[in-house]
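1. predicted structure and sequence below. I'll ask about it afterward.
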Amino acid sequence: MKIHFLSDLHIEGVSDPLYKILLNLLRDHLQPGDVLVLAGDIFDLFIGSKESFSREYSEFLEALREVGVRGAVTHYIEGNHDFLMKQTFRGMKNVHVHSSELQLEVAGRKIYVAHGDLVDREDYGYRLLRGAFRSLALKAAIEVMPEKLVGFIGKKSSSYGKVRKPILSDQLSPSRRKRLRRIFHAFAEEKISEGYALVVLGHCHDLDEQEIESAVNTGHYYNLGYPRIHKSYLLWDVDAGAAPHREPLGG
Ligand SMILES: [Mn+2]
């Protein structure tokens, strides 16, 4: 059994090379019993269950449906570019949508996965906005909204927040990058002290990993980075007994 963790592909349309790579992964690499964790911002814009998105990405939805029927399980954790998606995946076997986090237990180890947009707890503005953007009222409004307006909302939702402004964390000033890592490491440490052995986050595009010793136990934190540049995703071959590793994406 293998667990595949991916986030932040930020697919911009069906001609995006990362879209083909995602489809290939779904079609050729997932075996029955495998788990696929899509940890948010897979699409640069996919909000609500609008026909236009489902039509554009119909190949993805079809591949996901087939994967589920074959017996692989997909968890889609919504990000800040792709949310209010529950309706889109309704009725699909072995496909589960989570609005903020996922907890799994595999081979006696507890795993925590989130997109990461809620890691910075001081980011009150974003938290407020996130709530508004996910409200039932907005969900209803999106269904009847012109696509351009949905795009505008997507931009607002994604550009807000202190953590991620540039695309890569390398572009941050040393002090901001230090703050970013401190916040993500502190969050991971908190989860590890709650008993999680593996904490996987995305969102800040910072390809990072760290063994973290909490007061209670030791665990491992991974950030999934930015696959368009880092060209990898996280793969844990549970039966092999080894630690998770970065697997080349589309290579
Ligand atoms: Mn994000």
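-> Happy to help now that I have it.
2. what's next to stretch 137-155, contact-wise?
-> Here stretch 137-155 makes contact (CB atoms under 8 Å, 6 or more residues apart in numbering) with 44-45, 47-50, 52, 81, 84, 132-133. Quick note: C-beta positions are derived from backbone N, CA and C, even for glycine.
3. quick one: buried residues of that stretch?
-> Buried residues in stretch 137-155, defined by neighbour count with 16 or more other CB atoms under 10 Å: 138-139, 142, 145, 150, 153-154.
4. and the residue in the stretch 151-251 of the chain positioned nearest to the ion, what pLDDT?
-> In the stretch 151-251 of the chain, the residue that lies nearest the ion is residue 203 (3.9 Å; CB to the ion). Predicted confidence (pLDDT) for residue 203: 95.
5. count the residues that sit near the residue nearest to residue 193 when sequence neighbours are not counted.
-> Residue nearest to residue 193 in three dimensions, not counting chain neighbours: residue 214, with 3.7 Å by CB to CB, 6 or more residues apart in numbering. Close neighbours of residue 214, defined as other CB atoms under 10 Å, add up to 16.
6. OK, contacts around residue 214?
-> Contacts of residue 214 (CB under 8 Å, 6+ apart): 189-190, 192-193.
7. between the residues you listed, which sits nearest residue 98?
-> residue 190 (19.0 Å; CB to CB).
8. before we move on, back to that, got CSV for the buried residues of stretch 137-155, with pLDDT, distance to the ion and secondary structure too?
-> What follows is those, written out as CSV (pLDDT from 0 to 100; distance: CB to the ion, whole Å; DSSP: H, G, I helix; E, B strand; the rest coil):
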residue, pLDDT, distance to the ion, secondary structure
138, 81, 18, helix
139, 82, 19, helix
142, 80, 19, helix
145, 81, 22, coil
150, 83, 17, helix
153, 79, 15, helix
154, 80, 11, helix
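9. would you confirm that residue 186 belongs to a strand?
-> No. Looking at residue 186 with DSSP: H, G, I helix; E, B strand; the rest coil, it is helix, so not inside a strand.
10. ok, it to residue 119 distance?
-> 9 Å (CB to CB, to the nearest Å).
11. who has more neighbours, those two?
-> Taking neighbours as other CB under 10 Å, residue 186 and residue 119 compare with residue 119 leading, 20 against 12.
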